[in-house]
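> quick one, what's the 3D model for this:
(2 chains)
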Amino acid sequence: MGANDSEARTIPTISVTVLYFARLRESLGLGSERIELPGNIVDVDGLRDWLRARGGAWADELAPGRAVRVAVNQEMAAPASPLRGGDEIAFFPPVTGG
Amino acid sequence: MDEIRVQREDFDAGREIARMRAGNPKIGAIASFIGVVRDVNDGDAVGELTLEHYPGMTEKALSQIVEEAKARWDIIDALVIHRVGTLRPTDQIVLVIVTSAHRGHAFAACEFLMDYLKTQAPFWKKEETPEGARWVDARVADDKAAERWGIEAGNAAPVPPPGKG
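Numbers count the residues shown, from 1 in each chain, chains lettered A, B, ... in the order given. Purely as a prediction, here's the structure:
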């Protein structure tokens, strides 16, 4: 039994829904997904890092310094906003309505 | 009664104003704003505009913006209609109407609603130009407009201010 196996059993996951809008939706080629997030991802910035690790367009769009806004449960969120199971998290560019 | 609508259809400002003021003798002032699609942006011709939004959050954000306006000014009712989908130059995009006893509050609240909406409500514009389609960039000028009301929008900034998204 490897160290990774035992770790997988001891760190619980949380299930969240992640949405992408506008330019992000197009360049990531995805509008929404359900993610089983490792329990050590506890806030918005942690999720952003975790998604960025997918590489390619994810690494580009979510790179530090790129203007990305995040909402948790349909409220604007900060990088340190905490995440919980069942949350709906949305990533999108700065808004341009009106 | 306040009203928030996100819709594909066009709107008729005259009809909405008539409806809002019907039978209310407390209303002494009505301020309204209509945003319209222009045929040029950042120096390029725009043939068509597509507005995307975040269903659910959009309505919630607009309701919060209206609540904030009501907390700041003595207004009677506010209405916000924002269109989504495909629009063309000269089409109407957004309508804000505010009713109040006196004009000062109506003017201020109407302008506040627009400034706040532009930096906080989850809408995104994509425009068709001769060089192809492009997503419209957020403007620092819109953040500045929101800052006049004490709102640290940080919408156009690469990194948002602490405490905001």
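> and residue B:30, what element?
Using DSSP states H and E, residue B:30 sits in strand B:29-36.
> chain center to that strand: distance?
For strand B:29-36, the separation from the chain centroid amounts to 10 Å (computed by CA atoms, centre = their mean, to the nearest Å).
> repeat for stretch A:13-27
Offset of stretch A:13-27 from its chain centre (CA atoms, centre = their mean): 7 Å.
> does any part of the strand holding residue B:30 sit near chain A?
Yes - applying CB under 8 Å from any CB of the partner chain, one finds strand B:29-36 touching chain A at residue B:35. Just so you know, the C-beta spots here come from the backbone N, C-alpha and C atoms, and that holds for glycine as well.
> now do stretch B:62-71
No - Stretch B:62-71 lies out of reach of chain A by CB under 8 Å from any CB, never closer than 8.7 Å.
> ok, now stretch B:110-126?
Yes - contact of stretch B:110-126 with chain A (CB under 8 Å from any CB) involves B:114, B:117-126.
> could you look up the SS state of the residue nearest to residue B:70 when sequence neighbours are not counted?
The shortest distance from residue B:70 to any non-neighbouring residue, by CB to CB, 6 or more residues apart in numbering or on different chains, is to residue B:78 (7.0 Å). Using DSSP: H, G, I helix; E, B strand; the rest coil, the structure places residue B:78 in strand.
> who does residue B:78 bridge with?
Listed beta-bridge partners, residue B:78: residue B:98 (assigned using DSSP bridges).
> next, count neighbours for it.
27 (other CB atoms under 10 Å in any protein chain shown).
> I figured it hits residue B:66, correct?
Yes - using CB atoms under 8 Å, residue B:78 makes contact with residue B:66 at a distance of 4.8 Å.
> separation between whichever residue of chain B sits closest to chain A and residue A:53?
Per CB to the nearest CB, the residue of chain B with the smallest distance to chain A is residue B:123, at 2.6 Å. Distance, residue B:123 to residue A:53, by CB to CB, to the nearest Å: 30 Å.
> which residues does residue B:87 contact?
Applying CB atoms under 8 Å, 6 or more residues apart in numbering or on different chains, we find residue B:87 in contact with B:37, B:48-51, B:93.
> the helices in chain B, which residues?
Taking DSSP state H as the test, the helices found in chain B are B:13-21, B:57-72, B:103-120, B:140-147.
> wait, residue A:25 sits on residue A:31?
Yes - Residue A:25 is within contact range of residue A:31, at 5.2 Å (criterion: CB under 8 Å).
> next one: phi and psi at the residue lying closest to residue B:124 once chain neighbours are set aside?
Counting by CB to CB, 6+ apart, residue A:22 is the residue found nearest to residue B:124 once chain neighbours are left out, at 3.6 Å. For residue A:22, the backbone dihedrals (degrees, to the nearest 10) come out as phi 60, psi -130.
> tally up the residues packed near residue A:22, please.
Close neighbours of residue A:22, defined as other CB under 10 Å, add up to 25.
> overlap of the contact sets of residue B:78 and residue B:66?
With CB under 8 Å, 6+ apart, residue B:78 and residue B:66 have common neighbours B:2, B:113.
> what stretches of chain B score poorly on pLDDT?
For chain B, applying pLDDT under 70 flags the ranges B:159-165.
> go again using 50 as the cut-off
B:164-165 (pLDDT under 50).
> helix/strand/coil for the residue in chain A that chain B sits nearest to?
Nearest to chain B, among the residues of chain A, is residue A:97, at 2.6 Å (CB to the nearest CB). Put simply, residue A:97 is coil when judged by three-state DSSP.
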